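K.L.:
coords please:
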Amino acid sequence: MKKKQSTIVDVAKTAGVSTKTVSRVVNRESGVRDETIKRVNSAIDELHYRPNVFARSLAGGRTRIIGLIYDNPNPIYISHIMDGVLNYCYQMEYAVIIHPCNLRDKDLLSVMQQLVKKTRLTGIILTPPLSDSKELLNMLSQTDIPSVLISPGREESRSDAVITNDYEATKEMIRFIIAKGHQKIALIKGHPEHLALNKRTQGYIDAMSEAKLEIKDEYMIQGYNSYESGLECGRELMKLKVKPTAVFAANDEMASGVMKVILDSGYEVPKDFSIAGFDDTPVTQMLNPPLSTVKQPLEKMGELAAKKLIAELEGLDFFENHKPKSSLIIRESIAER
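P.N.:
Numbers count the residues shown, from 1 in each chain. Below you'll find the model as predicted:
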């Protein structure tokens, strides 16, 4: 038989106080004696009581509900961001509403306005490309709801953002590939609406320029972050008369698609083509050969976004580095040329 979940009444009886006093302790209201707070917290721990966040929100007038708003065709990216946000919010007793939005939806602003109104959000976390929507950011700036942006392509000096080192990490990966003897390196570009991914394109361009290597237009193919777009880009590469010897894709999903096309075309990786991606999603180790990539700390990024937002809501200082570092993960998909 399933064990009955403890209630506020159970806590009150165990602590020898009223339910009102338990509520005041849970909501961190002033005017409660230290000894009483200790008794209530001891009862909460003993009974494994979890306060109802939504009930607390209604009672306190200010909600403890954070909205995680996303629009990203890569479900693996979003799932890791979600894990970081959810885990920290759970620790801090905040509820999270996860809501998809389409950046190209002509009703985006009204959808967001309705969401904010109906759910009484106390704070918002935006993932790319929504974190670069001037219209959306302008709308939110006119409310009293604080927001934190993940990987915005603009305004890197913003204190309300978790910034990633996409440019530096891409540059480091391209330099590594060049050091392996490759000179003909293709780029599968990220979704054009994700401005942070433009930094990966620039990292590729600058690393190639520093090495005085030719950057061919036909070697820079537009992708859209999905596995399917990687397949299409791979087919474009296979049509080239002079093919590259290495391919860097702006994310792992597209790199996976390119690798499949290369292998299906009768070539070998890394003997004929070296390949690298970005993000270090689980798919990288399922491929044969395993994919070299840039490990982006996605869960940490989500956690940092939640920490920054809750610190602002609670009036706390936030000192943790808001620019988590990515790192190279070199596997069998890259070889000497």
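K.L.:
work out which residue lies at the spatial centre of the chain.
P.N.:
Centroid-nearest residue in the chain, with CA atoms, centre = their mean: Ile81, separated by 3.7 Å.
K.L.:
make sure I have this right: that one is in a helix.
P.N.:
Yes: membership of Ile81 in a helix is supported by DSSP: H, G, I helix; E, B strand; the rest coil.
K.L.:
just checking, it touches Tyr70?
P.N.:
Yes: counting by CB atoms under 8 Å, Ile81 does reach Tyr70; the two are 7.4 Å apart. All C-beta atoms are positioned from the backbone trio N, CA, C, and that covers glycine.
K.L.:
joint contacts of these two?
P.N.:
By CB atoms under 8 Å, 6 or more residues apart in numbering, Ile81 and Tyr70 have these common neighbours: Thr127.
K.L.:
roughly how far apart are the residue nearest to the centre of the chain and Ile124?
P.N.:
In this view, Ile81 and Ile124 are 14 Å apart by CB to CB, to the nearest Å.
K.L.:
ditto for Ala211
P.N.:
For Ala211 relative to Ile124 (CB to CB), the value is 42 Å.
K.L.:
which one's more surrounded, those two?
P.N.:
The residue with more neighbours, out of Ala211 and Ile124, is Ile124; 24 against 14, by other CB atoms under 10 Å.
K.L.:
local confidence estimate at that one?
P.N.:
For Ile124, the pLDDT comes out at 92.
K.L.:
that one - nearest residue in space that isn't next to it in sequence?
P.N.:
Closest residue in space to Ile124, ignoring its immediate chain neighbours: Ser147 at 4.2 Å, by CB to CB, 6 or more residues apart in numbering.
K.L.:
quick check: phi and psi at the one you found.
P.N.:
phi -140, psi 150 (degrees, to the nearest 10).
K.L.:
pretty sure it contacts Ala161?
P.N.:
No: Ser147 lies out of contact with Ala161 (CB under 8 Å); the separation is 9.5 Å.
K.L.:
what's the following helix or strand after the helix-or-strand element of the chain with minimal mean pLDDT?
P.N.:
Within the chain, confidence by mean pLDDT, DSSP states H and E is lowest for helix 53-60 among all helices and strands, at a mean of 52. Of the helices and strands lying after helix 53-60 in sequence (DSSP states H and E), the nearest is strand 65-70.
K.L.:
what helices or strands is that next one leaning on?
P.N.:
helix 53-60, helix 75-91, strand 95-100, helix 108-119, strand 123-126, helix 298-314 (3 or more CB pairs under 8 Å, 6 or more residues apart in numbering; DSSP states H and E).
K.L.:
give me the contact list for the last one.
P.N.:
By CB under 8 Å, 6+ apart, the surrounding residues in contact with helix 298-314 are 66, 77, 80-89, 92, 94, 122-125, 146-151, 160, 162, 164, 279, 316-318, 320, 322, 324.
K.L.:
neighbours around the residue nearest to Ile124, how many?
P.N.:
Using other CB under 10 Å: Ser147 sits among 23 other residues.
K.L.:
which residues does it contact?
P.N.:
Applying CB under 8 Å, 6+ apart, the residues contacting Ser147 are Gly123, Ile124, Ile125, Leu126, Leu137, Leu140, Asp160, Leu309.
K.L.:
can you do 10 Å?
P.N.:
66-67, 69, 121, 123-126, 131, 136-137, 140-141, 160-161, 305, 309, 312 (CB atoms under 10 Å, 6 or more residues apart in numbering).
K.L.:
which strand or helix spans Thr143?
P.N.:
Per DSSP H and E, there is no helix or strand for Thr143.
K.L.:
how near is it to Thr36?
P.N.:
Taking CB to CB, one finds Thr143 at 37 Å from Thr36.
K.L.:
coming back round to it: could you flag which of the contacts of Ser147 are buried?
P.N.:
Buried members of the contacts of Ser147, counted by 16 or more other CB atoms under 10 Å: 66-67, 69, 121, 123-126, 131, 136-137, 140, 161, 305, 309, 312.
K.L.:
the protein: strands as residue ranges?
P.N.:
65-70, 95-100, 123-126, 147-150, 161-162, 185-189, 220-222, 246-249, 274-276, 293-295, 327-329 (DSSP state E).
K.L.:
could you list every helix and strand in contact with the fifth one?
P.N.:
Spelled out, that is strand 161-162. strand 147-150, helix 298-314 (3 or more CB pairs under 10 Å, 6 or more residues apart in numbering; DSSP states H and E).
K.L.:
before we move on, back to that, for the residue nearest to Ile124, give me the pLDDT.
P.N.:
90.
K.L.:
what's the distance between it and Asn102?
P.N.:
18 Å.
K.L.:
starting at the chain centroid, how far to stretch 100-116?
P.N.:
20 Å (CA atoms, centre = their mean, to the nearest Å).
K.L.:
restrict that stretch to CA atoms and write it as PDB.
P.N.:
Extracted in PDB, the C-alpha atoms of stretch 100-116 (Å, rounded to 0.1, in the frame of the first residue of the first chain):
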ATOM      1  CA  PRO A 100       7.100  25.800 -26.100                       C
ATOM      2  CA  CYS A 101       6.800  28.900 -28.300                       C
ATOM      3  CA  ASN A 102       7.400  29.500 -32.000                       C
ATOM      4  CA  LEU A 103       9.600  32.500 -32.700                       C
ATOM      5  CA  ARG A 104       8.000  32.900 -36.200                       C
ATOM      6  CA  ASP A 105       4.500  32.800 -34.800                       C
ATOM      7  CA  LYS A 106       2.900  36.100 -35.600                       C
ATOM      8  CA  ASP A 107       1.000  35.800 -32.300                       C
ATOM      9  CA  LEU A 108       4.100  35.200 -30.200                       C
ATOM     10  CA  LEU A 109       3.700  38.300 -28.100                       C
ATOM     11  CA  SER A 110       0.000  37.700 -27.400                       C
ATOM     12  CA  VAL A 111       0.700  34.100 -26.500                       C
ATOM     13  CA  MET A 112       3.400  35.200 -24.000                       C
ATOM     14  CA  GLN A 113       1.100  37.800 -22.600                       C
ATOM     15  CA  GLN A 114      -1.700  35.300 -22.000                       C
ATOM     16  CA  LEU A 115       0.800  32.800 -20.500                       C
ATOM     17  CA  VAL A 116       2.100  35.300 -18.000                       C
END
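K.L.:
no further queries at this time; thank you.
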